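> Structural data only, the sequence is not supplied:
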């Protein structure tokens, strides 16, 4: 496992730092990296809000069919990413019965990433929310705090760690996502081409140095992210 | 009360638009003109080949990762050595690395011009653009699941029962089979299910190392893309529907296991 990754590092740096820099800062590579990071950040922000909301509804609300909805959350983990892409294209593509098409647009890329990263925040927040004492919330309510204030002051602080770790894992996933994006984005360079698709294209064109250089950047970002998350969770443990 | 209903509406609406309706629509479109066309596509020689290849790769990867995963979890929980934290972080790495990067990495080591390329060609072993490479890619991306699910169960279990068994004269092998394994079986089982799901659905890494040769190195997920690009939507939908049905089966097993695990 380490050997292949080491090969990427070696190949990425084989031509020296200046060549690595040249490959990464080529206009197409840069555009792909920029799109990947920007869309991933937006998707992560939406996940933080919607994921927390869904987790809250699943824990504190009661309605029929809740267990089905709860099982549905894991569907993006179980469904192959290429199927996810095709699935979204069926409803939001050129043949959409709703007549909305996000195919070959940046919104389409975002939609695909939202689909595959949905479970991360929900599944991180849910168990913490389950453990959380309902009585404290009720006490705040009865002391006259509005539901919004109660949520912000009482619930949110205890969820912060879970939200950050879920969002971080989702972000890492979004950065590297390939299968779900490949069909819906149309892979137009400078417009909808994300980094992983760029790497794939360069491999097919036998331009391995460029592929390895951008891969190395992706590797570094995800490794740094894992490290930060681990430090963060350790700090949380100490604080708790 | 109204706020609660509003939140419920937003949450369920979001899930419906993002998950339920799209997946339902694909299943509907697959079968709207009857069963014949999708069944024909899947039972054609290329379709059937893709199906069996997917199962073969999944079976090998799951077997390897189960054995490796349990061993790795035992190592991480039961022994102390320098660099343990680093190793535990490394195990998670495949979750954070793009599958395309994994594919490229394997290409650089086992490809024709890769590190072992010349040696492999000399010995007539073909890894890239054939099944071994695809198996390696799948093992790589689905590596963390068994380890991650087994470690917490092992930590919770503690060592008292194992020590009791060995005091009573059981060999370490006997202790493992009779004491440790039965106690961690639900955790391992859950990890195996997750590994299976990931292996069945792997696309990016396999796509890079397979060369996507129809009827040779085409798995079900690769078939979805190939058929789509050939404008054969029936074929793409048929392969997708089959994968979706397998995914839903995996979900059902997961839910059942989760309940079992909580009960014990």
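On my side now, so go ahead. Because the structure is a prediction, the values reported are computed rather than measured. Residues are numbered from 1 along each chain as shown, chains lettered A, B, ... in the order given.

> Let's see the pLDDT reported for the residue of the stretch 51-200 of chain B found nearest chain A.
Shortest the stretch 51-200 of chain B-to-chain A distance, computed as Cβ to the nearest Cβ: residue-wise this is residue B:98, at 2.8 Å. C-beta coordinates here come from the backbone N, C-alpha and C atoms, glycine included. Here the pLDDT value assigned to residue B:98 is 90.

> Report the residue spans of chain B with pLDDT below the cut-off.
B:1, B:264 (pLDDT under 70).

> So which residue is smack in the middle of it?
residue B:198 (2.4 Å; Cα atoms, centre = their mean).

> how about the nearest residue to it, chain neighbours excluded?
residue B:142 (4.1 Å; Cβ to Cβ, 6 or more residues apart in numbering or on different chains).

> for the one you found, what are its contacts?
B:61-62, B:65, B:94, B:194-195, B:198-199, B:202 (Cβ atoms under 8 Å, 6 or more residues apart in numbering or on different chains).

> Name the member of the residues you listed with the most neighbours.
Within these, most neighbours by other Cβ atoms under 10 Å in any protein chain shown means residue B:202, with 30 neighbours.

> Would you enumerate the residues in contact with it?
Residue B:202 neighbours (Cβ under 8 Å, 6+ apart): A:80, B:99, B:137-138, B:141-142, B:219, B:221.

> Dump those residues to JSON lines, plus distance to residue A:16 and secondary structure.
As requested, those are arranged in JSON lines below (distance: Cβ to Cβ, whole Å; DSSP: H, G, I helix; E, B strand; the rest coil):
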{"residue": "A:80", "distance to residue A:16": "39", "secondary structure": "coil"}
{"residue": "B:99", "distance to residue A:16": "28", "secondary structure": "helix"}
{"residue": "B:137", "distance to residue A:16": "29", "secondary structure": "helix"}
{"residue": "B:138", "distance to residue A:16": "34", "secondary structure": "helix"}
{"residue": "B:141", "distance to residue A:16": "31", "secondary structure": "helix"}
{"residue": "B:142", "distance to residue A:16": "35", "secondary structure": "coil"}
{"residue": "B:219", "distance to residue A:16": "38", "secondary structure": "coil"}
{"residue": "B:221", "distance to residue A:16": "38", "secondary structure": "helix"}
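
> who wins for neighbours among the residues you listed?
residue B:219 (32 neighbours).

> Apart from its neighbours in sequence, what residue is nearest that residue?
residue B:54 (4.5 Å).

> same deal with residue B:218?
residue B:50 (4.9 Å).

> Equivalent analysis for residue B:161, please.
residue B:179 (5.3 Å).

> Name all residues that make contact with that neighbour.
Residue B:179 touches B:161-162, B:165, B:170, counting by Cβ under 8 Å, 6+ apart.

> Of these, just the buried ones, PyMOL syntax please.
Restricted to buried positions by 16 or more other Cβ atoms under 10 Å in any protein chain shown, the PyMOL selection for the contacts of residue B:179 reads:
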select buried, chain B and resi 162+165+170
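
> quick revisit: buried residues in the strand or helix carrying the residue nearest to residue B:218, which are they?
Assigned by DSSP states H and E, residue B:50 belongs to helix B:45-78. Neighbour-count burial for helix B:45-78, counted by 16+ other Cβ under 10 Å, picks out B:46-47, B:49-51, B:53-54, B:57-58, B:60-62, B:64-66, B:69-70, B:72-74, B:76-77.

> I'd like to know which residues of the stretch 151-264 of chain B are adjacent to chain A.
Listed as neighbours of chain A in the stretch 151-264 of chain B under the rule Cβ under 8 Å from any Cβ of the partner chain: B:194, B:197, B:200-204, B:207-208, B:220-222, B:224-225, B:228, B:236-237, B:240, B:243-244, B:247-248, B:250-252, B:254-255.

> Filter the contacts of residue B:179 down to just the ones in helices.
Counting by DSSP state H, the part of the contacts of residue B:179 found in helices is B:161-162, B:165.

> ok, back up a step: now, the most widely separated pair of the contacts of residue B:142?
B:62 and B:94 (15.0 Å; Cβ to Cβ).

> The host helix or strand of residue B:154 versus helix B:45-78: what angle between them?
For residue B:154, the host element (DSSP H and E) is helix B:144-157. Angle of helix B:144-157 versus helix B:45-78, following axes from the mean of the first three to the mean of the last three Cα atoms, to 10 degrees, is 30 degrees.

> what's near enough to touch residue B:227?
Residue B:227 touches B:41, B:233-236, B:239, counting by Cβ under 8 Å, 6+ apart.

> Would you mind checking those residues for buried ones?
B:41, B:233, B:235-236, B:239.

> Serialize those residues to a markdown table and add fields for secondary structure.
A markdown table is the format used below for the buried ones among the contacts of residue B:227 (DSSP: H, G, I helix; E, B strand; the rest coil):
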| residue | secondary structure |
| --- | --- |
| B:41 | helix |
| B:233 | helix |
| B:235 | helix |
| B:236 | helix |
| B:239 | helix |
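
> Out of those residues, which is nearest to residue A:106?
Using Cβ to Cβ, residue B:236 is the member of the buried ones among the contacts of residue B:227 that lies nearest residue A:106, at 23.7 Å.
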